[in-house]
Structure formats: structure tokens, C-alpha cells
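Student: Quick check, what structure comes out for this input:
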Amino acid sequence: MSPSSHYSARVRELFRGLPRAGALPAGRGSRVAGEASALDRGVWARFEARVDGGRVTDCAFRAFGCPHTLAACAFAAEASVGRAVHDGIAADARRLEAELAVPREKFGRLLVVEDALLALSNAARRVQ
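Tutor: Residues are numbered from 1 along each chain as shown. So this is what the prediction gives:
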């Protein structure tokens, strides 16, 4: 079994390109951030978003972790764009697990991503 067979096609696609990874570009609206980590699990995630008119107009992430963690952050950042702030986070750990076919033993890492998204969501609500 090759190492790439441990990852779903969607994880491989997201990990290859890591859309929305890096710094949030300049733009109109309020900048908010949410972060969480579990260094004992080897995971750290930080999301930054631009909020304008009650919607997330842009989102970026920075993260440390396995390919599943990075793919989950990329997926969540993409899913966040366009969402109304009052709708809450775009992807919880269960959705990430299902969408990306993440093995159950890595679920704790997805909870860290979820915590970072919750922190981002709470920060976005405070600026509206």
C-alpha cells in the first residue's frame, strides 16, 4: 500500500494546492482571527477572515499538522467565504471527517480545527 492511499482523493487535491493558505490579503471590512492548538497531537490552526456587511468576504489559514489537518483547514477556509456571520462556522469536525474521509484516529485533530473556527466565528460576531 502506498502512502498516498492513506488519503482520500479530496485530501490529496487540497493538500497539493492548499487553497487559502497564508496571509489574508488586504481588503475592505473588519479583520478577525481564531486560533487553537493541541501541540501534544502535533496540530495548530489559525484562521483569519475579513467580514463586511455581515458576511465573510475572505478567509485564509495558517496551520501545522498532518496532510489531513492542512486539507481540513483549506476546506474550511473555502467553505467560510460568503457565509453570513450569524450562521456560525462553515465546517465542524464531523463534517470535515465525512467530507475528507479522515480516519477516526485523527478526529482529535479535526476538533482543534473546529475550535479555531469557533474562535473565528465568535470574533466575527463581535465586529458586527
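
Student: Contacts only, for the most centrally placed residue in the chain.
Tutor: Of all residues in the chain, the one closest to the mean position by Cα atoms, centre = their mean is Cys73, 2.9 Å from it. Contacts here follow Cβ atoms under 8 Å, 6 or more residues apart in numbering; on that basis Cys73 touches Ala21, Ala45, Phe47, Phe61, Ala63, Val113. Just so you know, the C-beta spots here come from the backbone N, C-alpha and C atoms, and that holds for glycine as well.

Student: what pLDDT does it get?
Tutor: Model confidence at Cys73, given as pLDDT, is 98.

Student: Which secondary structure state does it sit in?
Tutor: Following DSSP: H, G, I helix; E, B strand; the rest coil, we place Cys73 in the helix state.

Student: returning to that earlier point: are any of the contacts of Cys73 buried, and which?
Tutor: Taking 16 or more other Cβ atoms under 10 Å as the criterion, what is buried in the contacts of Cys73 is Ala45, Phe47, Phe61, Ala63, Val113.

Student: Packing partners of the longest helix along the chain?
Tutor: The longest helix of the chain (DSSP state H) is helix 107-127. Helix 107-127 sits against strand 30-38, strand 43-52, helix 67-80, helix 93-100, with contacts defined as 3 or more Cβ pairs under 8 Å, 6 or more residues apart in numbering; DSSP states H and E.

Student: Please convert these to CSV, extending it with distance to Arg12.
Tutor: Formatted as CSV, the helices and strands packed on helix 107-127 follow (distance: least, Cβ to Cβ, whole Å):
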stretch, distance to Arg12
strand 30-38, 24
strand 43-52, 19
helix 67-80, 8
helix 93-100, 10
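
Student: looking at these, which is closest to Arg16?
Tutor: Judged by Cβ to Cβ, the one of the helices and strands packed on helix 107-127 that comes nearest to Arg16 is helix 67-80, at 9.3 Å.

Student: Pull out the buried residues from that closest one.
Tutor: With the criterion 16+ other Cβ under 10 Å, helix 67-80 contains buried residues 67-80.

Student: That helix versus helix 107-127: what angle between them?
Tutor: Computed by axes from the mean of the first three to the mean of the last three Cα atoms, to 10 degrees, the angle separating helix 67-80 from helix 107-127 equals 30 degrees.

Student: Since that was my last question, I'll sign off now.
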